[in-house]
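[1] predicted model and sequence below, questions to follow.
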Amino acid sequence: MNKRLQGTRVLYVIAPQHFRDEEFLEPRKALEDEGIIITVASLGTEVAKGMLGLEVHPDISLDQARSKDYQAIVVAGGSGTQRYLWGNDKLHVILHDFSNEGKVIAAICLAPAILAEANLLEGVSATVYPSEDAKKKMGAGHALLLDHPVVKAGRIVTGRDPQAATAFGKAVVETLLAFR
């Protein structure tokens, strides 16, 4: 298979506990199938545990992440996202750096709420897992909330839930191809 994005580097952020396994695995496969190099980041480098039992050893901590080293950032969802990543100032700074550098930003499930918190979704079409807390954050961030599995809006890609993980991964690839 032609690896259209050979050598492209993507920062993949997961919560240290209770990230959604398929929201990590399925998009990661889509990215790696295109030759993308994934660096996994979390709050620390201790083994992160998914909601369904997946164990992932992060390559770096968020403190070590620098947007200049990557062409895109992807943030996985899951219940741990709300607990560990919502309100994370360091992640907000990293997301702003990616945005200011015109890079692709993607988030799925509860993670799009982080983009809203960081004021990156004002007037932007997006989707999020339909919990009341997540919808409130999207509203507070003035996102144009859509009930679709995946929403692409320029360089921003959002996915609604675990069932959208494969389509979300494909949308991230398409967006990277469009903006390389």
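    On my side now, so go ahead.

[2] make it CA atoms for all contacts and neighbour counts henceforth
    OK.

[3] return the distance of stretch 145-157 from the chain's centre.
    Centroid displacement of stretch 145-157 relative to its chain, using C-alpha atoms, centre = their mean, to the nearest Å, is 12 Å.

[4] export that stretch to CSV, keeping only CA atoms.
    Taking Å, rounded to 0.1, in the frame of the first residue of the first chain, the C-alpha atoms of stretch 145-157 are listed here in CSV:
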residue,chain,number,x,y,z
LEU,A,145,-22.5,21.6,17.9
LEU,A,146,-23.6,18.9,15.3
ASP,A,147,-24.9,15.4,16.1
HIS,A,148,-22.8,13.7,13.5
PRO,A,149,-20.3,10.8,14.0
VAL,A,150,-17.5,12.9,12.6
VAL,A,151,-17.2,16.6,11.8
LYS,A,152,-14.4,18.1,9.7
ALA,A,153,-14.1,21.9,9.9
GLY,A,154,-10.9,23.1,8.2
ARG,A,155,-7.9,21.8,10.2
ILE,A,156,-10.1,20.6,13.1
VAL,A,157,-11.6,17.1,13.2
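
[5] could I get the buried residue list for that stretch?
    Buried residues in stretch 145-157, counted by 16 or more other C-alpha atoms under 10 Å: 145, 149-152, 155-157.

[6] closest to residue 48 among those residues?
    residue 157 (24.0 Å; C-alpha to C-alpha).

[7] how close does the closest one get to residue 65?
    20 Å (C-alpha to C-alpha, to the nearest Å).

[8] which parts of this protein are helices?
    Taking DSSP state H to define them, one finds helices in the chain at 21-33, 79-80, 89-100, 112-117, 132-140, 165-178.

[9] nearest to residue 46, out of the ones you listed?
    helix 79-80 (14.9 Å).

[10] re the thing from before, possible to save the buried residues of stretch 145-157 as CSV with pLDDT and distance to residue 105?
    Below are these laid out as CSV (pLDDT from 0 to 100; distance: C-alpha to C-alpha, whole Å):
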residue, pLDDT, distance to residue 105
145, 97, 17
149, 98, 17
150, 98, 13
151, 98, 12
152, 98, 10
155, 98, 6
156, 98, 5
157, 98, 6
